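Visitor: Using only what follows, build the 3D model:
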Amino acid sequence: MLRLILIIILILFIYAVLRSIWRDLRKSRPKEKPSSPLPEVTDKLVKDPVCGVYCPRKTAYTAIWQGKVYYFCSEECRQKFLAQKGSQASASR
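Guide: So this is what the prediction gives:
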């Protein structure tokens, strides 16, 4: 019975030593940096109300209706929107 207790104590001691060594190795290892940083967002995407496609705000076609600016992916979508809303809308690029 004494042998069993000594073996358990020895196993716990070895476990504690190995765990301590493992922690030290993990702390000393330099943290990994991403190989390539994510590109910076330079333009927001806007949703076309006609077809639902997202496009960059800088290149989107626009129309103003009831004081609100709407963005479109193409001239065709802008024309469909203007036809639905009638002459109240003003268009621009």
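
Visitor: what's the following helix or strand after the helix of greatest length in the chain?
Guide: Looking across the chain with DSSP state H, the single longest helix is helix 2-28. Next helix or strand after helix 2-28 toward the C-terminus (DSSP states H and E): strand 45-47.

Visitor: Quickly run through the sheet partners of that following strand, with directions.
Guide: Strand pairing for strand 45-47, using DSSP bridges, gives strand 54-56 (antiparallel).

Visitor: mind listing what's buried in the partner strand?
Guide: residue 55 (16 or more other Cβ atoms under 10 Å). Bear in mind the C-beta positions are built from the backbone N, C-alpha and C, glycine included.

Visitor: how far does whichever helix or strand comes after that strand sit from the chain's center?
Guide: Per DSSP H and E, the first helix or strand lying C-terminal to strand 54-56 is strand 61-65. Mean-position distance between strand 61-65 and its chain equals 28 Å (Cα atoms, centre = their mean, to the nearest Å).

Visitor: Which elements pack onto strand 61-65?
Guide: strand 68-72, helix 75-85, strand 90-92 (3 or more Cβ pairs under 8 Å, 6 or more residues apart in numbering; DSSP states H and E).
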